[in-house]
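Engineer: Provided below for reference: sequence and predicted model.
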Amino acid sequence: MRYIGKKFVTMLITILLVSFFVFVAFAVIPGDPALSKLGTEATYEKLEALREEMGLNEPLLKRYGTWIVGFFTGDMGTSYSYDMPVKDMILDKLPITITLTVMSFLMIVAVSIPLGIYTAKHQGKAADKTIFVLNQIVMAIPPFFSGILITLLFGLVFKLFTPGGFVSYTKSIPDFLAYMVFPCIAVALPKIAMTVKLLRTSLVDESKKDYVRTAYSKGNDKNGVFFGHMLKNAMIPVITFLGMILADIAAGSIIIEQVFNIPGLGRILLTSISNRDYPVVQAIIVWLGIFVIVINFCVDLLYKVVDPRMR
Amino acid sequence: MLLEVKDLNIEFHDHLTPETVVYDFNLSLKEGEIVGIVGESGSGKTMSALAIAGLLNRKDMKKSGEILFDGKDLLTCKRSELRSYQGNDISMIFQEPMTSLNPVKKIGAQVEESLKIHTNLTKEERYQKAISILNDVEIKDPESVYHKYPHQLSGGMRQRVMIASAMILEPKILIADEPTTALDVTIQAQIIKLLKKLNKQKKTSILFISHDLSLVRTLCHRAIVMKQGYILEEGNIEEIFEHPKEAYTKQLIEAIPALEL
């Protein structure tokens, strides 16, 4: 319990630090949001008035203070280019990106763990060698490219979905999920390959350890040794890796959203960056940061469950 | 005869050229007998022991000869048949108590694992048996050790736990591969005493593999001396220590540090 409390406090401090650095970074970047908002209509008086209105004349720390307090009380500022609250812009996109992340993550876990066990168990056999080669190929294909291939194959040839025909979850949840399956496959494929490889290596390493021989000496069969003894040990590095993957696919969903024409967080992030719409960019980056930090926190807790030596 | 090994040869095939590690190994073990196998590292003593315990990979090596347990040849019988003996009639403890226990499983679960595999006892019955065997191997406060993890115990305690998990089904044969090498001298003596006690109480035959002749002398009834895969000499403990036939055995005996100064 004390450990959890300590970790939790560290997590909060990290979140504050991340938000601070993001805020400072955007304050330091050259370019005046007031100027870019006014554009060619800018006069000195108008500019000063707008800067005052936007709070840009306040000292940096004070601005950060107002912003961070606002951030955690639900007011994430106002978008420069759309003049609407950032919160409203992000909130209805969030479920899309979360679905993309969680669904691809579930695919990764559901496919790679059984496959990793299978290849380790049939080490050196034809199936293991075939999967090894396939793995290398799949690992080398980036999601945006496999996304194009999937669109071509499942969208245009097999007509399993309409490319570009995204259905919002507000309209129909089943249709929304059905469309999301394919981008999720594109995101999941290379990560599945990596996880299979890691789990296989980890299991093969475990199989050489002394406790495995002890387990066999008690009359365990191969399944008993694999599932009763080796798997939990072999999962320890895999858990770290899955934690990193989860953070990575959340941040990396931006590209796949473009390929599959999904109006998620990635879409607003890209347009906001090109419009220098800093409040929106800041909010999204801090949210992604919070997500990554929370995932790490959960992975740390999961460690305690799996590995008693960590307690 | 409980166990009879006849002309066992072990040949590895995991390299380009086959490598023979054990030549014409013969051994017989009676009920309640403690036989020591001594030799330097690389003499083939551990390989012979692993072969008897059925722990050598059948794929990577060629084995010829016979290992007869209860009239069954362990080298050629079905895998499932071999497994029904392992942990049940033939158990093994190892050199490294630090790494021979699964680090992420509780002591209790590891001690009663053989019961889970070979019997239909209920959870409560298994618990009772585990506690009683932990008592037999002289672990203090077995109820709390039951719920601990290996890294929370000392090396000597872990070796006791290993012995408990190997002895829980009261096997006919216990194979002990250098069980005290990784432990310090006082703990060594305790473990040897414990093995002696278990041999008397439970009539378990012990195959004791060691490079330490003084331990073999205090524990074993008979001994086999091995070198480079061959059996050099075999006989009763008195014979071997008082009238060694081979020069190598003499050297080994002379190498025992004298206790009196």
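Structural biologist: Received the coordinates, thanks. Numbering: from 1, shown residues only, chains lettered A, B, ... in the order given.
Engineer: just give me the neighbour total for the residue in the stretch 1-150 of chain A positioned nearest to chain B.
Structural biologist: Nearest to chain B, among the residues of the stretch 1-150 of chain A, is A:Gly124, at 9.5 Å (C-beta to the nearest C-beta). (Each C-beta comes from the backbone N, C-alpha and C, glycine too.) Here the number of neighbours of A:Gly124 (other C-beta atoms under 10 Å in any protein chain shown) works out to 10.
Engineer: next, it: secondary structure please.
Structural biologist: Here A:Gly124 is coil, with the state taken from DSSP: H, G, I helix; E, B strand; the rest coil.
Engineer: interface residues of chain A facing chain B?
Structural biologist: A:209-211, A:213-221, A:224, A:228-229, A:232-233, A:306-309 (C-beta under 8 Å from any C-beta of the partner chain).
Engineer: tell me the confidence at B:Glu260?
Structural biologist: The model reports B:Glu260 with a pLDDT of 56.
Engineer: brain fart, A:Ser274
Structural biologist: Confidence score, pLDDT, at A:Ser274: 84.
Engineer: what is the burial count for it?
Structural biologist: By the criterion of other C-beta under 10 Å, A:Ser274 has 9 neighbours.
Engineer: ok, now B:Glu4?
Structural biologist: Neighbourhood size, B:Glu4 [other C-beta under 10 Å]: 15.
Engineer: any low-confidence regions in chain B?
Structural biologist: Counting by pLDDT under 70, chain B contains low-confidence ranges at B:258-261.
Engineer: could you pull out the helices for it?
Structural biologist: B:45-53, B:79-85, B:107-111, B:113-118, B:123-136, B:142-146, B:155-167, B:185-202, B:213-219, B:237-242, B:247-254 (DSSP state H).
Engineer: how distant is the last one from the center of its chain?
Structural biologist: If you compare the mean C-alpha spot of helix B:247-254 with that of the full chain, they lie 24 Å apart, counting by C-alpha atoms, centre = their mean, to the nearest Å.
Engineer: which elements pack onto it?
Structural biologist: Under the contact criterion of 3 or more C-beta pairs under 8 Å, 6 or more residues apart in numbering or on different chains; DSSP states H and E, helix B:247-254 touches strand B:222-227, strand B:230-236.
Engineer: swap in the fourth one?
Structural biologist: On a contact count with 3+ C-beta pairs under 8 Å, 6+ apart, helix B:113-118 meets helix B:123-136, helix B:155-167.
Engineer: out of these, flag the one nearest chain A.
Structural biologist: Chain A sits nearest to helix B:155-167 of all those, at 7.1 Å, using C-beta to the nearest C-beta.
Engineer: which residue is the nearest non-sequential neighbour of A:Thr240?
Structural biologist: A:Val299 (6.5 Å; C-beta to C-beta, 6 or more residues apart in numbering or on different chains).
Engineer: brain fart, B:Leu219
Structural biologist: Nearest residue to B:Leu219 in three dimensions, chain neighbours excluded: B:Ile192, at 5.4 Å (C-beta to C-beta, 6+ apart).
Engineer: ok, now how distant is that neighbour from chain A?
Structural biologist: As judged by C-beta to the nearest C-beta, to the nearest Å, B:Ile192 and chain A stand 21 Å apart.
Engineer: what's near enough to touch that residue?
Structural biologist: Neighbouring residues of B:Ile192 by C-beta atoms under 8 Å, 6 or more residues apart in numbering or on different chains: B:180, B:215, B:218-219.
Engineer: just give me how far stretch A:270-287 sits from the chain centre.
Structural biologist: 17 Å.
Engineer: hey, C-alpha coordinates of it in PDB?
Structural biologist: Presented in PDB, the C-alpha positions along stretch A:270-287 are these (Å, rounded to 0.1, in the frame of the first residue of the first chain):
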ATOM      1  CA  LEU A 270      -2.400  17.700 -37.200                       C
ATOM      2  CA  THR A 271      -4.700  20.600 -38.300                       C
ATOM      3  CA  SER A 272      -4.000  22.400 -35.000                       C
ATOM      4  CA  ILE A 273      -0.300  22.100 -35.400                       C
ATOM      5  CA  SER A 274      -0.400  23.500 -38.900                       C
ATOM      6  CA  ASN A 275      -2.700  26.300 -37.700                       C
ATOM      7  CA  ARG A 276      -0.500  27.000 -34.700                       C
ATOM      8  CA  ASP A 277      -3.600  26.400 -32.500                       C
ATOM      9  CA  TYR A 278      -1.500  25.900 -29.400                       C
ATOM     10  CA  PRO A 279      -4.200  25.500 -26.800                       C
ATOM     11  CA  VAL A 280      -5.500  22.500 -28.700                       C
ATOM     12  CA  VAL A 281      -2.100  21.000 -29.300                       C
ATOM     13  CA  GLN A 282      -1.100  21.500 -25.700                       C
ATOM     14  CA  ALA A 283      -4.200  19.800 -24.400                       C
ATOM     15  CA  ILE A 284      -3.800  16.800 -26.700                       C
ATOM     16  CA  ILE A 285      -0.200  16.300 -25.900                       C
ATOM     17  CA  VAL A 286      -0.800  16.600 -22.100                       C
ATOM     18  CA  TRP A 287      -3.600  14.100 -22.400                       C
END
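Engineer: what about stretch B:129-149, near chain A?
Structural biologist: Yes. Residues of stretch B:129-149 contacting chain A under C-beta under 8 Å from any C-beta: B:Tyr149.
Engineer: show me which parts of that stretch are buried, residue by residue.
Structural biologist: For stretch B:129-149, the neighbour count (16 or more other C-beta atoms under 10 Å in any protein chain shown) marks B:129-131, B:133-134, B:136-137, B:139, B:142, B:145-146, B:148-149 as buried.
Engineer: now swap in stretch B:32-44 and tell me
Structural biologist: B:33-39, B:43-44.
Engineer: do the same with stretch A:126-145
Structural biologist: A:131, A:135, A:138-139, A:143.
Engineer: before we move on, back to that, tell me which other helices or strands the helix or strand the residue nearest to A:Thr240 falls within touches.
Structural biologist: Element membership of A:Val299, judged by DSSP states H and E, is helix A:278-306. Here helix A:278-306 touches helix A:2-28, helix A:60-72, helix A:86-91, helix A:231-259, helix A:265-274, going by 3+ C-beta pairs under 8 Å, 6+ apart.
Engineer: in CSV: these, plus distance to B:Glu170.
Structural biologist: Listed next are the helices and strands packed on helix A:278-306 as CSV, based on distance: least, C-beta to C-beta, whole Å:
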stretch, distance to B:Glu170
helix A:2-28, 42
helix A:60-72, 64
helix A:86-91, 67
helix A:231-259, 29
helix A:265-274, 64
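Engineer: out of these, flag the one nearest B:Gln228.
Structural biologist: Evaluated over the helices and strands packed on helix A:278-306, closeness to B:Gln228 peaks at helix A:231-259, with 36.0 Å, by C-beta to C-beta.
Engineer: and the angle from the helix holding A:Val299 to helix A:231-259?
Structural biologist: Orientation note: helix A:278-306 sits at an angle of 160 degrees relative to helix A:231-259 (axes from the mean of the first three to the mean of the last three C-alpha atoms, to 10 degrees).
Engineer: so where's the stretch 151-300 of chain A shaky on pLDDT?
Structural biologist: Looking at the stretch 151-300 of chain A by pLDDT under 70, you get an empty list.
Engineer: for the helices and strands packed on helix B:247-254, which one ends up most surrounded?
Structural biologist: The highest mean neighbour count among the helices and strands packed on helix B:247-254 belongs to strand B:222-227 (a mean of 23), with neighbours defined as mean count of other C-beta atoms under 10 Å in any protein chain shown.
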